[in-house]
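Participant: sequence and predicted structure, then a few things I'm wondering about:
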Amino acid sequence: MRYLLLILSLLAAPAQARSVTDSAGRVVEVPETVGSVFAAGPPAAILVYILKPEALTGWPRALRPEERAYIAEPYRDLPETGRITGRGGEANLERVLAIKPDLILDFGSVRDTYVDLANRVQEQTGIPYLLIDGRFEKTPEALRLLGAALGVPERAEALASHVESVFARIDALLADMPQETRPRVYLARGPEGLETGMKGSINTEIIERAGGRNVADDGGATRGLVQASMEQVLVANPEIIVTWDRNFHAGVFEDPLWQGIDAVRNGRVHLSPTAPFGWIDRPPSLNRMMGLIWMAGLLYPDHWRGDLRAETRAFYKLYYHVDLSDAELERLLEWAEGRPPN
C-alpha cells in the first residue's frame, strides 16, 4: 500500500507550482492554476462552492432533495466524496488520489491536530493541502487568502467586502448596547434541545457576534458542544432560544419541561432554515453569514435596519449562485417563522 501511494503521489505532483502560506503558517506549493479541489469537510466544501464552484470535486455528503433547489443546477449532482476531518471522517486516501484534485482544502480549526493531519495527508498523497482559519472574525481574511490561491481574487474581494459591511452594520448597532442589556440566548441542538455550544464555540459564534449573550457560559472553562441538563436550562432562563431542529421546535411549546422558560412563555423560540446549509451552523462555514443577518433582526427588531426578504434573495444570489423564485424565497421565510417544508 505504501508503494502504491508513493507511485500515485508522484503522478499527482504538479508540474508548476507557487508558494501559498496558509492560516497555520505552512508554506504550501500549489499549482499555478487550481482547477479542482477536494474539500476535507463540509465547511470547506461550502467555501469552495461559494468562491469557485467549478473547482469543487464533490460534496462530503450528497445534497438532500430539499437542499437541491438552493444550489446552482450544475453542482446539485456532484458525487458524495466523504470527509477527511470531523465526525465520520471516512474518505480514504486512495479515493482522494483517484479523484486527482489539484488541491485539498480544510476550513475550520488550525490547531496542531489539524496541522499534523494536513502534513501527513500531503506527504502521503503528494497533493498540496491548505488549512484556512474558520473563525468567524477571520472570514474576510479567509476569503482573500483562498481567493488568491484559487485564482479568483475579484470574487473573493466582493465576498469579503460584503462580510465586512455586515460586520460594520452590527458593530454600529451594538455600539450603544451595554452587555448587561443584551438579550440572553440559548442554542438548542437536537430533538431534545439539550445539546448546546458553550460561549466562544464555533457553533455559537453568530449568536455572540450578533450581540446575544450566550447563556451557556462557564467563564471559558469549557469550549465546544456540550450536553446540558434541563435544570441548567431552567436556571439560565434564556429570553430567546434558537434551533435548527424541527422536531424540537415542533414540540417545545407543548412540552411541560420547557414551560417555565421565558423564551417559551413569550413565543421566542426561533427555527433556523437549513437549506442548502444551516443559517446558524451545521456546518460552521460562510452559510453563517445569512444567519448573522437573520439573528441581528431577531435580537434587535427595533434597531436592525434590514429587509429580510431582500437580503435573503441577495445573499443566495451572491453566495450560492442562485436566483430564488418567489416560491423558493417564501419557503425559506416561512421556515424562518417556524413553518418548515414537509
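Facilitator: Sure thing, it's come through.
Participant: before we move on, what SS does Ser19 have?
Facilitator: Under DSSP: H, G, I helix; E, B strand; the rest coil, Ser19 falls in the strand class.
Participant: show me where this structure has its helices.
Facilitator: 2-12, 42-51, 65-68, 93-99, 112-125, 139-150, 153-174, 205-209, 230-236, 246-252, 262-265, 288-299, 308-320, 326-336 (DSSP state H).
Participant: which residues does the third one contact?
Facilitator: When you say that, I think you mean helix 65-68. By C-beta atoms under 8 Å, 6 or more residues apart in numbering, the residues outside helix 65-68 that reach it are Arg76, Thr274, Ala275, Pro276, Phe277, Pro341. C-betas here are computed from N, CA, C, even on glycine.
Participant: JSON lines for those, including neighbour count, distance to His249 and pLDDT?
Facilitator: Below are the contacts of helix 65-68 laid out as JSON lines (neighbours: other C-beta atoms under 10 Å; distance: C-beta to C-beta, whole Å; pLDDT from 0 to 100):
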{"residue": "Arg76", "neighbour count": "15", "distance to His249": "27", "pLDDT": "98"}
{"residue": "Thr274", "neighbour count": "20", "distance to His249": "12", "pLDDT": "97"}
{"residue": "Ala275", "neighbour count": "23", "distance to His249": "15", "pLDDT": "98"}
{"residue": "Pro276", "neighbour count": "22", "distance to His249": "19", "pLDDT": "98"}
{"residue": "Phe277", "neighbour count": "27", "distance to His249": "18", "pLDDT": "98"}
{"residue": "Pro341", "neighbour count": "12", "distance to His249": "13", "pLDDT": "93"}
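Participant: name the nearest of the residues you listed relative to Ser109.
Facilitator: Checking the contacts of helix 65-68 against Ser109 by C-beta to C-beta gives Phe277 as the nearest, at 18.7 Å.
Participant: just say which of the helices of the chain is most tucked in.
Facilitator: helix 42-51 (a mean of 26; mean count of other C-beta atoms under 10 Å).
Participant: tell me the helices and strands packed up against it.
Facilitator: When contacts are defined as 3 or more C-beta pairs under 8 Å, 6 or more residues apart in numbering; DSSP states H and E, helix 42-51 packs onto strand 37-39, strand 103-108, helix 139-150, helix 153-174, helix 308-320.
Participant: now do stretch 281-290: distance to the chain's middle.
Facilitator: 3 Å (C-alpha atoms, centre = their mean, to the nearest Å).
Participant: ok, now stretch 28-43?
Facilitator: Here stretch 28-43 shows a centroid-to-chain-centroid distance of 18 Å under the convention C-alpha atoms, centre = their mean.
Participant: what comes up buried for it?
Facilitator: Val28, Val30, Pro31, Val34, Ser36, Val37, Phe38, Ala39, Ala40, Gly41, Pro42, Pro43 (16 or more other C-beta atoms under 10 Å).
Participant: who's the second one bridged to?
Facilitator: Read that as Val30. Note on Val30: beta-bridge partners by DSSP bridges are Arg18.
Participant: I figured it hits Val20, correct?
Facilitator: Yes - contact criterion C-beta atoms under 8 Å: Val30 and Val20 qualify, at 5.1 Å.
Participant: joint contacts of these two?
Facilitator: Each of Pro128, Leu130, Ala149 lies in contact with both Val30 and Val20 under the rule C-beta under 8 Å, 6+ apart.
Participant: okay, Gly86: pLDDT?
Facilitator: Looking at Gly86, its pLDDT stands at 70.
Participant: what's the pLDDT at the closest residue in space to it that isn't next to it in sequence?
Facilitator: Excluding the flanking residues, the one nearest Gly86 by C-beta to C-beta, 6 or more residues apart in numbering is Gly41, at 4.7 Å. We note a pLDDT of 94 for Gly41 in this prediction.
Participant: cool, thanks, talk later.
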